[in-house]
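Visitor: please work out how this folds:
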Amino acid sequence: MASKIETTLKVNPEKVPLETDQGILESEERKWGLPLKEVYKHGLSFYKDKEGKAMHLSYEDKLKLVAYTQQTAHGPLNVNSAQPLGVLDVIGRDRRSAWQALGQMSQFQAMAGFVHTLDRLCPLFKPYLEAIQKDLEDKKQQDLKRQEEERAHLELQNRIELEKQKQQSTKLTEEQQVQRIKDALNAQTYDQFLEYAQQQFPGNFDQQAVLIRQLQDQHYQQYIQQLAVDKRLANSNIVNKEDSDKENDNSIVEIEDNRLNQNADDVDNKSMQTYEKKQITDYNEEEKAEDSDDDGFPAVEEARMWTRGEVAAFKQSACAGGGRLAVGQGETVTVRVPTHRRARCLCWEFATDNYDIGFGLYFEWSKSPTNEVTVHVSESDEEEEIDDDGYGDEEFTIQEHSSDPELGGERRAAALGRPPVSLVVPIYRRDCHTEVYAGSHTYPGEGVYLLKFDNTYSLWRSKTLYYKVYYTQ
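Guide: Coordinates of the predicted model:
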């Protein structure tokens, strides 16, 4: 019975041209556009994933493919060292017989035979490889583009640095004169400015230093302007108007420098205190105007983003925390994360299986009734629609569609019935199937972060997304 099965299930190996291994490697790479080892690796993955689903092979074809994999992994069959088979192990004898039929075929010939057989048996294999090759080419183009941008940015930085050095060399003398005046003024006002900065930013020494510096700069500018007015009034009886109009900033600096050197104690303390209080009041008004944009909302800082490895460990951790979901073809998933009153920064991490996905971050200026993280899904053909909750794709342009240019951000948003949204990170495709993408962003205020995972560009593939969001101080 066993001998009969062996003769009826005899497997003929795929005919591969008899040439050197180097010739096989070159010809296969020309045919597929990828190295033979890469084609074989993708073919083996394709066979394990699609067998019984996208393709149904006969028993003989399966024996042939298994024999090629054994020849690739272990070389020609050595009957003397092979483990004995059981009496009833019919499949094992058939597989060993198919493997033995390959004879002294080399590893590369076995790889090529496996790929040719799979291509002949399943027409979907070639488009599968073409899609992989296209993804690799896209990634290569993105890397080249990023390198060009970095090189251009570096050249620009070098030009800027050279220009700064030229400007510094030409203005060195003038800056020395100005610095002497500033030092004298700062010595008189530092204590008062420090007290005010400590009231505005208690415990934050960096912000205090920035505020003191800004106050000192404004104090200097306005003091110089006041000095010019005083000088014109003092010389009005002996200098005509034409000579007075020709005075420039350099003469003002020299006069003030001499004045401070000759008699630094001539400043009226009472007038100085009144003047400094006015400086602080003016700064508060300017600070409020600068801290808000044209729409009445604070400016949004740039997000910090980076990547890291350990994708498999991150996926397991995300699954354990419930951060796993499917993004269907043509869909966009929005993860809504409200700000937390005890935190100052939002952090996120995400990765996918096998394929990339688009990612972007927005901030919605609205007050969430809860601190719960919610997930919303929209399809590509819903882009022109806005649902009742205002989560459609047009929510990100609401500050641009108002017909009244005099409306501020809050009034324009109210006119459209939805809260305004600020862009933090634009949506781009991320290679998050090869590494974990992470980032953080400091709260611009109270609201809701919108993490957009965009798969609208993919008409055939769904994506499995793993993500984490958390707060930090």
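Visitor: check contacts around the residue positioned nearest the centre of the chain.
Guide: Closest to where the C-alpha atoms of the chain average out (Cα atoms, centre = their mean) is residue 305, at 5.1 Å. Residue 305 sits next to 425, 437-439 when contact means Cβ atoms under 8 Å, 6 or more residues apart in numbering. (Each C-beta comes from the backbone N, C-alpha and C, glycine too.)
Visitor: could you dump those to TSV with pLDDT, distance to residue 221 and neighbour count?
Guide: Listed next are the contacts of residue 305 as TSV, based on pLDDT from 0 to 100; distance: Cβ to Cβ, whole Å; neighbours: other Cβ atoms under 10 Å:
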residue	pLDDT	distance to residue 221	neighbour count
425	95	37	16
437	96	45	21
438	95	43	18
439	95	39	19
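Visitor: which among those residues gets closest to residue 345?
Guide: Taking Cβ to Cβ as the measure, residue 345 lies nearest residue 439 of the contacts of residue 305, at 10.5 Å.
Visitor: before we move on, back to that, so when I look at the residue nearest to the centre of the chain, I'm seeing a strand, right?
Guide: Yes - looking at residue 305 with DSSP: H, G, I helix; E, B strand; the rest coil, it is inside a strand.
Visitor: and which of the contacts of residue 305 is nearest residue 187?
Guide: Closest to residue 187, out of all of these and judged by Cβ to Cβ, is residue 439, at 44.2 Å.
Visitor: can you list contacts of the helix or strand harbouring the closest one?
Guide: Applying DSSP states H and E as the criterion places residue 439 in strand 436-442. For strand 436-442, contacts defined as Cβ under 8 Å, 6+ apart pick out 301, 303-311, 314, 344-351, 359, 361, 424-425, 430, 449, 472.
Visitor: hmm, which of those are the buried ones?
Guide: 311, 314, 346, 348-351, 359, 361, 424-425, 430, 449 (16 or more other Cβ atoms under 10 Å).
Visitor: strands - which of those residues land there?
Guide: Judged by DSSP state E, the buried ones among the contacts of strand 436-442 include 346, 348-351, 359, 361, 424-425, 430, 449 as members of strands.
Visitor: what helix or strand does residue 72 sit in?
Guide: helix 59-74.
Visitor: low-confidence ranges in this structure?
Guide: Applying pLDDT under 70 to the chain flags the ranges 1-20, 54, 171-172, 235-296, 380-417.
Visitor: try 80 this time
Guide: Scanning the chain for pLDDT under 80 picks out 1-23, 25-29, 50-55, 78-87, 89, 167-178, 228-298, 379-418, 473.
Visitor: looking at it, which helix is longest?
Guide: helix 125-170 (DSSP state H).
Visitor: and that helix, what does it pack against?
Guide: helix 36-50, helix 107-121 (3 or more Cβ pairs under 8 Å, 6 or more residues apart in numbering; DSSP states H and E).
Visitor: skip ahead from that helix and say which helix or strand is next.
Guide: That would be, after helix 125-170 and using DSSP H and E, helix 172-200.
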